[in-house]
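Enquirer: Show me how the following folds:
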Amino acid sequence: TAVDALLAISSAIPGGESGITHDVQRLQIDLAQDRSEGHFELQGVVSTIEESDRVRAALAEIPCFQNLEQAGATTPAAEGRRQYLLESDLRCPDERRASD
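Expert: Below is the predicted model:
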């Protein structure tokens, strides 16, 4: 569901003392009619290009996020920060096949 995707995104982004300061500018989650697949776009703001790379790497670890790509280069944002845009297909591996 879209809530599952939101939870996965939120949980994956490194935070806390050793993490990054991440602001979500826009998050769009589109699900197919049968809810088995979908697509999301995440536009966020971080302090450095390296932090946007860390966000991308963390999201790439989630099996349901397929074809994760950064759409274009990071761009300047307020207070010397960087804005980025990630896109991904939502398609979870069939767990039933994995257990067969």
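Enquirer: Where does the prediction get shaky in this structure?
Expert: Under the criterion pLDDT under 70, the flagged ranges of the chain are 16-18, 94-100.
Enquirer: those helices in it, which residues are they?
Expert: Under the criterion DSSP state H, helices of the chain are mapped to 2-12, 49-60, 95-99.
Enquirer: and the first one, what other elements does it pack with?
Expert: In terms of contacts (3 or more CB pairs under 8 Å, 6 or more residues apart in numbering; DSSP states H and E), helix 2-12 is packed against strand 23-31, strand 37-46, helix 49-60. C-beta here means a position set from N, CA and C on the backbone, and glycine is covered the same way.
Enquirer: Going by neighbour count, list what's buried in the longest one.
Expert: Applying a neighbour-count criterion of 16 or more other CB atoms under 10 Å, the buried positions in helix 49-60 are Glu51, Ser52, Arg54, Val55, Arg56, Ala58, Leu59.
Enquirer: Name the residues that touch it?
Expert: Residues outside helix 49-60 that contact it (CB atoms under 8 Å, 6 or more residues apart in numbering): 9, 12-14, 20, 22, 42, 44, 46, 65, 68, 70, 74, 82, 84, 86, 88.
Enquirer: rerun at 7 Å
Expert: 9, 12-14, 20, 22, 44, 46, 65, 68, 70, 74, 82, 84, 86, 88 (CB atoms under 7 Å, 6 or more residues apart in numbering).
Enquirer: Next, count neighbours for Pro63.
Expert: Counted by other CB atoms under 10 Å, the residues lying close to Pro63 total 11.
Enquirer: I'd say it and Leu90 touch.
Expert: No: counting by CB atoms under 7 Å, Pro63 does not reach Leu90; the two are 10.8 Å apart.
Enquirer: just how off-centre is stretch 4-14 within its chain?
Expert: 7 Å (CA atoms, centre = their mean, to the nearest Å).
Enquirer: Okay, buried residues for it please.
Expert: Going by 16+ other CB under 10 Å, stretch 4-14 has these buried residues: Ala5, Ala8, Ile9, Ala12, Ile13.
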